[in-house]
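Participant: next input, structure requested:
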Amino acid sequence: MLGTLVNVLAILAGGGIGLLAGRGLGLGVQETAVQGIGLAVLLIGLGMSLQAHTGILAVILALALGGSLGRLADIDGRLNRGGDRLRRALGRVAGEGFTQGFVTATLLYCVGAMAIMGALEGGLRGHHDILYAKAMLDGLTAVVFAASLGIGVLFSALAVLVYQGSIALLARQLAPLLAGSAQEAMTGVGGLLIVAIALNMVGATRLKVADLLPAIPLAPLLASWLSRFGL
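Facilitator: Reported below is the predicted structural model:
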């Protein structure tokens, strides 16, 4: 859990700095900063998605099936409504961009393969290098997000704590499912979802990325199943 706790603290620290810095920045500067970080996120997502050399079919099936399940469950709507409830509970402290900041940061910090593989490494071997690197990246992006989107970004740290902490605690049960083509498929799906987040950040699309989240656990399962047939 140490790596996850460091990750959470980095988000809170970066978000706190961003809140202070954002007060002196105009809306135009904030918007440009978010678009700039969105382009960097796009690059990261493309790099991850291109690693899926042997699990392409699993990636396609996972996105199709996972997106359908997510839409039926209305994950995107539930996540946004949860953010709205938090905003109302906080009152004036939250600000207008609370829900967008909470949802965007939560998705970005939890979707990538670094979150899953880092938590597994920490839970299985006590190695936290991946999550330390992720903490640095998340802390830097939290500065920009919080400066433009407000305090909602800090609350994404709670989602990271629950998500990565759960994976670390269940590491021994999950590790056998994430090897070889299964890991590649999961990384490919995670990368494409990060690309979708980046496209939303720069204003190119309005994809409901949260509805695609079931594709992440489905990808390694489908890859393992397809590998039995040589696919």
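Participant: output the lowest mean pLDDT helix or strand found in this structure.
Facilitator: For the chain, the helix or strand with the lowest mean confidence is helix 171-174, at a mean of 75 (criterion: mean pLDDT, DSSP states H and E).
Participant: what's that one in contact with?
Facilitator: Contacts with helix 171-174, where a contact means Cβ atoms under 8 Å, 6 or more residues apart in numbering, come from 119, 120, 122, 123, 124, 167. Any C-beta I mention is one placed from the backbone N, CA and C, and that applies to glycine too.
Participant: how far does it sit from its chain's centre?
Facilitator: 20 Å (Cα atoms, centre = their mean, to the nearest Å).
Participant: circling back: and the contacts of helix 171-174, which is the shakiest by pLDDT?
Facilitator: Within the set of the contacts of helix 171-174, pLDDT is lowest for residue 124 (74).
Participant: and residue 126, how many neighbours?
Facilitator: Number of residues near residue 126 (other Cβ atoms under 10 Å) recorded here: 9.
Participant: and if you look at the one 3 residues further on?
Facilitator: Residue crowding around residue 129 was assessed by other Cβ under 10 Å; the count is 11.
Participant: which of the three states applies to the closest residue to it other than its chain neighbours?
Facilitator: In this structure, residue 129 finds its nearest non-sequential neighbour in residue 121, 7.5 Å apart by Cβ to Cβ, 6 or more residues apart in numbering. What DSSP: H, G, I helix; E, B strand; the rest coil gives for residue 121 is helix.
Participant: hang on, the earlier thing: can you select the buried ones from the contacts of helix 171-174 in ChimeraX?
Facilitator: Selection of buried members from the contacts of helix 171-174 for ChimeraX, criterion 16 or more other Cβ atoms under 10 Å:
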select :119,120,122,123,167
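Participant: and the two most separated of the contacts of helix 171-174?
Facilitator: 124 and 167 (10.5 Å; Cβ to Cβ).
Participant: just to revisit the earlier point, would JSON lines of the contacts of helix 171-174 with distance to residue 174 be doable?
Facilitator: Output for the contacts of helix 171-174, formatted as JSON lines (distance: Cβ to Cβ, whole Å):
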{"residue": "119", "distance to residue 174": "9"}
{"residue": "120", "distance to residue 174": "6"}
{"residue": "122", "distance to residue 174": "12"}
{"residue": "123", "distance to residue 174": "8"}
{"residue": "124", "distance to residue 174": "9"}
{"residue": "167", "distance to residue 174": "7"}
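Participant: closest to residue 76 among the contacts of helix 171-174?
Facilitator: residue 167 (22.0 Å).
Participant: how much space between that closest one and residue 117?
Facilitator: Distance, residue 167 to residue 117, by Cβ to Cβ, to the nearest Å: 9 Å.
Participant: state which helix of this structure is the longest.
Facilitator: Counting by DSSP state H, the longest helix found in the chain is helix 27-49.
Participant: what residues of that helix count as buried?
Facilitator: Going by neighbour count (16+ other Cβ under 10 Å), the buried part of helix 27-49 is 30, 33, 34, 37, 38, 41, 42, 44, 45, 48, 49.
Participant: what is the nearest of those to residue 150?
Facilitator: residue 30 (10.0 Å).
Participant: element containing residue 99, please.
Facilitator: For residue 99, the element it lies in under DSSP states H and E is helix 98-111.
Participant: if you count contacts, what does that helix end up packed against?
Facilitator: For helix 98-111, the elements it packs on are helix 2-22, helix 75-90, helix 129-149, helix 152-169, helix 181-201, judged by 3 or more Cβ pairs under 8 Å, 6 or more residues apart in numbering; DSSP states H and E.
Participant: hey, which of these is tucked in deepest?
Facilitator: For the helices and strands packed on helix 98-111, ranked by mean neighbour count under the definition mean count of other Cβ atoms under 10 Å, the leader is helix 181-201 at a mean of 24.
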